[in-house]
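[1] Let's see this in three dimensions:
(4 chains)
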Protein chains: 2
Amino acid sequence: MTSSDPPPVGSAFLLTQLGTHAAQAFAARIGELDLTPPQTGLLRAIAGAPGSSQQALAELLGTPATRLVALVDGLEQRGLVERRRNPTDRRLHAVHLTDAGTALMADIGRVARQHDDAVLAALDGDEKARLRELLAKVAADQGLTPGVHPGYKNLR
Amino acid sequence: MTSSDPPPVGSAFLLTQLGTHAAQAFAARIGELDLTPPQTGLLRAIAGAPGSSQQALAELLGTPATRLVALVDGLEQRGLVERRRNPTDRRLHAVHLTDAGTALMADIGRVARQHDDAVLAALDGDEKARLRELLAKVAADQGLTPGVHPGYKNLR
DNA sequence: TATTGTTATACTCTATAACTATA
DNA sequence: TATAGTTATAGAGTATAACAATA
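    Predicted structure coming up:
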């Protein structure tokens, strides 16, 4: 081919393009709560499995424990989560949301819904349902953990 | 754990999750050609608009010119692209693919098709077409430039 | 003086490795 | 000796700012 025709792009590239765009838009929105996307994902994980050890959280998110420590540090300093030592095995730090953290989760939920509406504004109800169905099918086939962003995964 | 219900996730999050997954999978595949995704995107841009100045390419991709210079440097050293000075205005460096670069584009196309098939393996033909349609609709509404990955965009 | 390209520098994020404490 | 957590260090990727060449 010489040029002039726009190079045909596959659906997988469309997915990457839209996924990156959605991630950037979400980062901007959640930034108004002074949160980064990794922090938000960790808060969600803690809310879904309160009292988990940091090792367990690292395992769930697929990230090195060292990164998790730094993330928990930041959230703890802001009073959103707390570490509780396990009296039976004093090596373990169970991570819990504080009341402030729980309250913030509600805000995060609101922001997430606004984000969802904004990104999918072009679709009507039926189309949204159909898209969700197709995406869920692909996600399951690709082995993605529901609710866990693959960006935590160490790749090399 | 107390809660048993998986936290409900919006379609926009599914998009982000799948988009990141697809990007990682593509990076792994294209890495076998010793290319990074940003390099691949730049090659595509050059192939689509040969002879563009570096400023024009930076503008198209939405990236600082300084980053583009570094990317072109890497591709030029490998003999995939070349800079040609414009005799009329010697400030401009028109960027072109070399023969090796053109040949590599064919390999990239093959890898991209394999990638597409792998990511969408769960869907039949009709479903693929429907998904593509819905994604294209959302992408257009969100103002994405066709064929350009938003990851080049400077955000702050 | 304005524009294209380049180089130098700094910053952010993340991973790897070494270390402490508990078991 | 093995495990949970932590600290220290280094690397990749990118942006910001200063500079050089040409117009």
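[2] Please make it C-alpha for all contacts and neighbour counts, starting now.
    Noted.
[3] What ranges in chain A fall below the confidence cut-off?
    Scanning chain A for pLDDT under 70 picks out the ranges A:1-8, A:155-156.
[4] need the residues of it near DNA strand C, please.
    A:38, A:63-64, A:66-67, A:87-91, A:151-156 (C-alpha under 7 Å from any atom of the strand).
[5] and those, which are buried?
    A:63, A:151-153 (16 or more other C-alpha atoms under 10 Å in any protein chain shown).
[6] Looking at those, which is nearest chain B?
    A:Gly151 (6.7 Å; C-alpha to the nearest C-alpha).
[7] where exactly do the strands run in chain A?
    Using DSSP state E, the strands of chain A run over residues A:52-53, A:81-85, A:93-97.
[8] hmm, which two among the buried ones among the residues of chain A next to DNA strand C are most spread apart?
    The span of those, defined through C-alpha to C-alpha, is set by A:Thr63 and A:Gly151 at 8.9 Å.
[9] Give the buried residues for stretch A:73-82.
    Buried, per 16+ other C-alpha under 10 Å, within stretch A:73-82: A:75-76, A:80-82.
[10] whoops, I mixed them up, stretch A:95-115
    For stretch A:95-115, burial by neighbour count (16+ other C-alpha under 10 Å) applies to A:95-97, A:101-102, A:104-105, A:108, A:111-113, A:115.
[11] same question, stretch A:31-38
    For stretch A:31-38, by 16+ other C-alpha under 10 Å, it's A:35, A:37.
[12] can I have that stretch written out in PDB, keeping just the CAs?
    Extracted as PDB, the C-alpha positions of stretch A:31-38 are listed here (Å, rounded to 0.1, in the frame of the first residue of the first chain):
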ATOM      1  CA  GLY A  31      -7.700  12.700  41.500                       C
ATOM      2  CA  GLU A  32     -10.300  15.100  42.800                       C
ATOM      3  CA  LEU A  33     -10.500  12.800  45.900                       C
ATOM      4  CA  ASP A  34      -6.700  13.000  46.100                       C
ATOM      5  CA  LEU A  35      -6.500   9.400  45.200                       C
ATOM      6  CA  THR A  36      -4.400   7.600  42.500                       C
ATOM      7  CA  PRO A  37      -5.900   4.600  40.600                       C
ATOM      8  CA  PRO A  38      -3.600   2.100  42.400                       C
END
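[13] Not counting its own residues, what contacts that stretch?
    A:26-27, A:30, A:71, A:152 (C-alpha atoms under 8 Å, 6 or more residues apart in numbering or on different chains).
[14] so how far is it from its chain's centroid?
    Centroid separation for stretch A:31-38 versus its chain: 11 Å, with C-alpha atoms, centre = their mean, to the nearest Å.
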